[in-house]
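> sequence below, structure please.
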Amino acid sequence: MQLAKDNYMYQMIRCELVDAVGAEFVNSGAADGLGHSIDYYWIPEMWHDRGREPQRPDFIVHPGSTEEVAKVMKIANQYKIPVTPWGGGSGSQGGALPVYGGIILDMKRMNRVIEIDTRTLSVTCETGINAQHLEWAVEKAGYSTMHFPASIACATIGGFLAHRGTGVLSTKYGKIEDMVMSLEVVTPTGEIIHTLPVPRHASGPDLTMLFLGSEGTLGVMTKVTLKIHPIPEARKFHAFLFPDMHTAMTAGAGLMHSRLQPCAVRLYDGPETAKLIKRVLGIDREGAYLVFGFDGPEKVVDLQMERACEICRAAGPKEDLGTESGEAWWKNRYKFFYPPYMFHMPQAFGTLDTVATFSKIENVYWAMKNVVEENFPEASFIGHFSHWYDWGCMLYARFIFEKAPDDPAEAAALYNRVWDLAIRAAIREGGVINEHHGVGLKLGRLMKELYGPAMYVLEDIKKQLDPNNIMNPGKMGFKGV
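Numbering: from 1, shown residues only. This next block holds a predicted model:
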């Protein structure tokens, strides 16, 4: 959009937004603008670090209710102003960046727990609530969301819904889309709609799944009803060290094929075992580190663990690291993603996460690893497999340059070249663009290659719901303004 602040039209629009949500909840100051122009995507962080000006919004609007969101959307439609929903700002894909200016719709005022239903085992809340705050509220009632991502302390529930996020217990309890029962959504034209009240039905296509993962391009999710779970009597972990990743993968797939229902499985390749497992857990070994856990009634957990260890021992481990190593991983599970263990400037780094079936995931890993190491010998490549399903698992691979070029344009070109080569290698081997971080600005250019002719279906849905193309334009491969 961007209007000059001394333009009378800017002031006219500001007055309408103030009328909709109140004067104290419409901001346009320099600090507010900067705080809403950088997320955890490496390129905008680097751009600002190099002294360049990031794209800022014209207005930061903080709605306090669904009705206020609807009012803002109607104003935005009337003037064709871009609107970008904002949760905790912890996304890594640039999905919440106001690349065309306009309105940042900061949802954090909408942070209420509306109902905890102990008969259905569900919680209804507004989507601007911090994920850890929601978990604490549910725990006070004797339950848990079982959604424990590394960003739990800084992300909102709406952010997880927008990007189909996941947590460390996804193998048993599912990703966020598996936890959703129903949604309230404000459409781009300002209508308030509700998806059906149950997640399983035969009443036509599932609108809930349409909005989940849409990254603010199809509407604004304002309320959600999520499943909750009893807090388990016991949760136990065990770890093994395998001589190589293939042997460890065989063991991990065996755990899933057994249908024992582990709550978590995580496998670290040799380089990541040597680099991060050593730094975080103090385990200095060569090989591939595999950890898994079970939760529920203690007697059941013990039986599951006994059988799981039998499967792993039959696969040929290098060393049984026991329960102590497994419990250490669980206690330190978030440390991997925070200083001083996480990568940071001046390093250039990216998480090349993808997902594939068991028959393809190893080929995906080697294709991505080879293309990074062959084309960028100055970069290192590490990876772990962090979310496991009946049919396959997710690869959380990373590339790291110890220092990026000083020129920001040159640094961005290098960064994007790695992504282009690595993600295309994954797609060729049966992987997809992303598993739980989303597409955002970072990977939108590859969506047509992933979907092929089916991308036109997504584009037509976008046109129908958002005729003026105001909702988070330029993201997920959709056109800009």
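> from what I can see Pro82 touches Lys475, true?
No: when contacts are counted by C-beta atoms under 8 Å, Pro82 is not listed as touching Lys475 (10.5 Å). From N, CA and C alone the C-beta is placed, and that goes for glycine too.
> could you list the low-pLDDT ranges of this structure?
The chain contains residues with pLDDT under 70 at 1-3.
> for it, give the helix that spans the most residues.
Secondary structure of the chain per DSSP state H: the longest helix is helix 408-428.
> and the contacts of the helix or strand just after that one?
Going down the chain from helix 408-428, the next helix or strand is helix 447-451, by DSSP states H and E. Contact with helix 447-451 is made by 424, 427, 432-433, 439, 455, 458, 476-477, as judged by C-beta atoms under 8 Å, 6 or more residues apart in numbering.
> can you give me the buried ones in stretch 104-111?
104-111 (16 or more other C-beta atoms under 10 Å).
> and of these, the nearest to Arg50?
Nearest to Arg50 among the buried residues of stretch 104-111: Ile104, at 23.0 Å, using C-beta to C-beta.
> in which helix or strand would I find the closest one?
strand 103-106.
> what's that strand packed up against?
Helices and strands touching strand 103-106, by 3 or more C-beta pairs under 8 Å, 6 or more residues apart in numbering; DSSP states H and E, are strand 59-61, helix 66-79, strand 83-86.
> hang on, the earlier thing: what do Pro82 and Lys475 both touch?
Counting by C-beta under 8 Å, 6+ apart, nothing touches both Pro82 and Lys475.
> quick check, Leu28 in contact with His36.
Heads up, residue 28 is Ser, not Leu. No: using C-beta under 8 Å as the test, Ser28 is too far from His36 to be in contact (10.5 Å).
> what residues are shared contacts of these two?
Common contacts of Ser28 and His36 (C-beta under 8 Å, 6+ apart): 57, 60.
> which of those two has more neighbours?
The residue with more neighbours, out of Ser28 and His36, is His36; 22 against 16, by other C-beta atoms under 10 Å.
> which residues are in contact with that one?
So His36 contacts 56-57, 60, 86, 89, 96, 98, 104, 106 (C-beta under 8 Å, 6+ apart).
> which residues pair with the residue lying closest to it once chain neighbours are set aside across the strands?
Nearest residue to His36 in three dimensions, chain neighbours excluded: Ile104, at 4.6 Å (C-beta to C-beta, 6 or more residues apart in numbering). Beta-bridge partners for Ile104, by DSSP bridges, are Ile60, Thr84.
> Ile104 touches Val61, doesn't it?
Yes: contact between Ile104 and Val61 holds when scored by C-beta under 8 Å: they sit 7.0 Å apart.
> and the gap between the nearest residue in space to Gly94 that is not next to it in sequence and Gly89?
Leaving out its chain neighbours, the residue that sits closest to Gly94 by C-beta to C-beta, 6+ apart is Leu441, at 3.4 Å. For Leu441, the distance to Gly89 (C-beta to C-beta, to the nearest Å) stands at 14 Å.
> for the stretch 251-400 of the chain, just list every one of the strands.
264-268, 288-296, 319-321, 348-357, 380-388, 392-401 (DSSP state E, counting those that start in this stretch).
> redo those strands as JSON lines? Include mean neighbour count and distance to Ala153.
Output for the strands of the stretch 251-400 of the chain, formatted as JSON lines (neighbours: other C-beta atoms under 10 Å; distance: least, C-beta to C-beta, whole Å):
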{"stretch": "strand 264-268", "mean neighbour count": "26", "distance to Ala153": "19"}
{"stretch": "strand 288-296", "mean neighbour count": "26", "distance to Ala153": "21"}
{"stretch": "strand 319-321", "mean neighbour count": "17", "distance to Ala153": "28"}
{"stretch": "strand 348-357", "mean neighbour count": "21", "distance to Ala153": "19"}
{"stretch": "strand 380-388", "mean neighbour count": "22", "distance to Ala153": "19"}
{"stretch": "strand 392-401", "mean neighbour count": "22", "distance to Ala153": "19"}
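> thank you, goodbye.
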